[in-house]
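J.: Here's my sequence, what's the structure:
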Amino acid sequence: MSPKAKGYLLGAVAAATYGMNPLFALPLYRDGMDPDSVLFFRYLFAIPILGVMLRARGRSFTLRRGEILPLAALGLLVAVSSLTLFLSYNYMDAGIASTLLFVYPIFVALIMALGFRERLSSQTAGCILLALTGIGLLYRSGSGATLNLTGTLLVMASALSYAVYIVGVNRPRLQEVATLKVTFYVLIFGLSLFLVRLRFGEEALLPHRWYLWGNLLALALFPTAISFLCTTAAIQYIGATPTAILGALEPVTAVIFGVAVFGERLTPRIACGMGLIILAVSLIVAGGSLSPHLVRLRRLFPRLTPKRRRRHGRPER
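T.: Residues are numbered from 1 along each chain as shown. So this is what the prediction gives:
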């Protein structure tokens, strides 16, 4: 297998495993666990897995004083993003929630444009309108009923907090810190939010069926550890942009599991809305690599000057 093919395979696995969140979380909800308890054990089990990975790569666990506060803030952002997403599963189908979450790159573009004065291109603005159209299709069903407003706001809060995390993790202060080390400490600081909300574990709910402990372990292993490893490896093989584009498989995976396992309904309107959102975000992520192709395509249809219009027999306006 060529390195490029291996990279695309790893990127697809990374996106697909992250889309498994509802597959393992929803049975725990039905067993009586709440989002705080599910996420508490997910983070708790993922931390030693990442710690072993960190030690296996020979990385140091030591942090500099100036790195602690930024990592603590990033950890809380990730924890808030996880919590609001998992709370939204109580108000809407998991597949729709996962698709709405996929607007976070649009929030990133807006934050960079408004907060850091990065130029917002016409292509990005058009993609934002396209994504809003897709959200509108998801928000209202064919029967006229709308999605739960609370659930929609929770997903938007999840997408926004994750977008702020992405902008923050790329700041200069953390650029010299290994990605695996950043993730390890982000999970540790994120766990503190659930410790406080559960009164240091006193109010944590446990699974009633022994086999559901496997779901908690799977949440820590597949959407966290494996997804992170495959994402990192894919970026090394094919680069960040193609890997991010393959992230469109995340909501697709969630919808497939929602329909096949949990009996969620997939209507033509929902499918169309999902397609618009995935298309819009994919175009934003691929913007840099698409620009040369768009310029090349535009050159095939040059704009005629007045002199050329007369040459081609077209009257001047």
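J.: can I assume residue 177 sits in a strand?
T.: No: counting by DSSP: H, G, I helix; E, B strand; the rest coil, residue 177 falls outside a strand, being coil.
J.: Roughly how far does it sit from residue 185?
T.: For residue 177, the distance to residue 185 (Cβ to Cβ, to the nearest Å) stands at 9 Å. The C-beta positions use only the backbone N, C-alpha and C, and glycine is treated the same way.
J.: Would you state the helices of the stretch 101-250 of the chain in chain order?
T.: 104-115, 122-139, 149-169, 179-197, 213-220, 227-238, 240-245, 249-262 (DSSP state H, counting those that start in this stretch).
J.: okay, the angle between the longest one and helix 179-197?
T.: In other words, helix 149-169. If you take axes from the mean of the first three to the mean of the last three Cα atoms, to 10 degrees, helix 149-169 sits at 140 degrees to helix 179-197.
J.: Run through the residues that contact residue 13.
T.: 226, 230 (Cβ atoms under 8 Å, 6 or more residues apart in numbering).
J.: In which helix or strand does it reside?
T.: helix 3-18 (DSSP states H and E).
J.: For the next helix or strand after that helix, list the C-alpha coordinates in CSV.
T.: As assigned by DSSP H and E, the chain's next helix or strand after helix 3-18 is helix 21-30. Extracted C-alpha coordinates of helix 21-30, given in CSV (Å, rounded to 0.1, in the frame of the first residue of the first chain):
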residue,chain,number,x,y,z
ASN,A,21,-19.8,8.5,20.0
PRO,A,22,-23.6,8.0,19.8
LEU,A,23,-23.1,4.2,19.2
PHE,A,24,-21.6,3.8,22.7
ALA,A,25,-23.2,6.7,24.6
LEU,A,26,-26.9,6.1,23.8
PRO,A,27,-27.1,2.6,25.4
LEU,A,28,-25.5,4.1,28.6
TYR,A,29,-28.3,6.8,28.6
ARG,A,30,-30.9,4.1,28.3
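J.: any idea of the mean pLDDT for the helix or strand just after helix 21-30?
T.: Following helix 21-30 in sequence order, the next helix or strand is helix 35-56 (DSSP H and E). For helix 35-56, the mean pLDDT works out to 92.
J.: Report the distance from helix 35-56 to the chain centre.
T.: 19 Å (Cα atoms, centre = their mean, to the nearest Å).
J.: Adjust the sequence numbering to begin at 9 for everything that follows.
T.: Noted, 9 is the first residue going forward, which turns the last one into helix 43-64.
J.: any idea of the mean pLDDT in stretch 84-95?
T.: 93.
J.: Can you give me every residue that contacts the closest residue to residue 176 other than its chain neighbours?
T.: Excluding the flanking residues, the one nearest residue 176 by Cβ to Cβ, 6 or more residues apart in numbering is residue 82, at 5.6 Å. With contacts defined as Cβ under 8 Å, 6+ apart, residue 82 is in contact with 173, 176, 177, 182, 190, 194, 197.
J.: Confirm residue 273 sits in a helix?
T.: No: assigned with three-state DSSP, residue 273 falls outside any helix and is coil.
J.: neighbours of it, just the number please.
T.: 11 (other Cβ atoms under 10 Å).
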